[in-house]
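In: need a structure here:
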Amino acid sequence: MDLFIAIFTGTIIAATPLIFAALGELVVEKSGVLNLGIEGMMLMGAAFAFWAVIAGLPMPVAILAGALGGAAASLLFGVLALTFLTNQYAAGLALAIFGSGVSAFLGRNFGSAPIDALKKIYIPYLSDIPVVGPMLFRFDPMVYFAIVMFFVISWFLYRTKGGLVLRTIGESPETAHAIGYPVIRIRYLAVLFGGLMAGLAGAYLSVAYTPLWVENMTAGKGWISLALVVFATWRPLRVLLGAWLFGGMTILQLQGQALGIAVPSELLSALPYLATIIVLVIISQNRQMLALHFPASLAKPFRPAT
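Out: Numbers count the residues shown, from 1 in each chain. Prediction:
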């Protein structure tokens, strides 16, 4: 039972940065914009949050600094892709490389000493319930906030006028512009929100998940988040379930190594990434399901008629 609880709680924690980053990218892609720079934005968020902590700032301020770092990086992408109509694939890849370089530069002075991690919440009575308490009521605030953001984004996309407008822009920006909606401005807001969420994901990695600075600490989680959106066929609930699935893969490979399973450690470490590739191959076979929720104008530049 202790092993099961450890795997369950580890899965939820490992999935949290994926939930933040993938939900943010989902909103971005629903607006018709493809930002491949999640990895770079997460690294920027991780670096800014870690810097804020070692500078002595309160933990909430450090997390906010990480979120703003990701948003600032996304603004750079927005200027390139939305204002100057640069190829979105190229701009996103450039952002991923840029974020990696900036975080490595900032991290030179961080040292190797660990910091005090984000504290877990203790809920009287509930946290002490056998089995259920450790599984549901002993996480840090960011884990619960990720679940809250899932409900908020689901509600916004499918229950509000703003969500309908956003999805319309992703399907046909020309139609939305003809009606009178500011397509570029709304896409900028979506891109900034995506950067904010990626920054939160990075901040979680550096101040809660691994409260020790490690260069390129995202270890491909940004790319997995990008794949999650496709895996989920652009639907929030499937993003959440997919994040838990890949989080579980990560924890299982760690537990497998700890238990000394007779499988090469390199293969176990590659398990989450192999699972990502396999799932994408399977999903791509069902083109009808992909087309059903695929934003028709994804990655297509739009210039308002003057």
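
In: who touches the closest residue to V143 other than its chain neighbours in this structure?
Out: Among residues not flanking V143 along the chain, T16 sits closest, at 5.2 Å (C-beta to C-beta, 6 or more residues apart in numbering). All C-beta atoms are positioned from the backbone trio N, CA, C, and that covers glycine. For T16, the contact set (C-beta atoms under 8 Å, 6 or more residues apart in numbering) comprises M142, V143, A146, A201, Y204, Y209, A243, G247.

In: Mind giving me the ChimeraX select for these, buried ones only?
Out: Typed into ChimeraX, the line below selects the buried ones among the contacts of T16, using 16 or more other C-beta atoms under 10 Å:
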select :142,143,146,201,204,209,243,247
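
In: Low-confidence regions, this protein specifically.
Out: Scanning the chain for pLDDT under 70 picks out the ranges 256-263, 265-266, 268, 289-290, 306.

In: Which stretches in it count as helices?
Out: Ranges of helices within the chain are 2-30, 38-54, 59-78, 88-106, 132-136, 141-159, 161-171, 173-179, 183-204, 221-231, 236-258, 265-269, 271-285, 287-293, based on DSSP state H.

In: Export these as JSON lines, with columns for distance to R303.
Out: Formatted as JSON lines, the helices of the chain follow (distance: least, C-beta to C-beta, whole Å):
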{"stretch": "helix 2-30", "distance to R303": "19"}
{"stretch": "helix 38-54", "distance to R303": "25"}
{"stretch": "helix 59-78", "distance to R303": "15"}
{"stretch": "helix 88-106", "distance to R303": "14"}
{"stretch": "helix 132-136", "distance to R303": "49"}
{"stretch": "helix 141-159", "distance to R303": "26"}
{"stretch": "helix 161-171", "distance to R303": "14"}
{"stretch": "helix 173-179", "distance to R303": "10"}
{"stretch": "helix 183-204", "distance to R303": "9"}
{"stretch": "helix 221-231", "distance to R303": "25"}
{"stretch": "helix 236-258", "distance to R303": "30"}
{"stretch": "helix 265-269", "distance to R303": "45"}
{"stretch": "helix 271-285", "distance to R303": "31"}
{"stretch": "helix 287-293", "distance to R303": "26"}
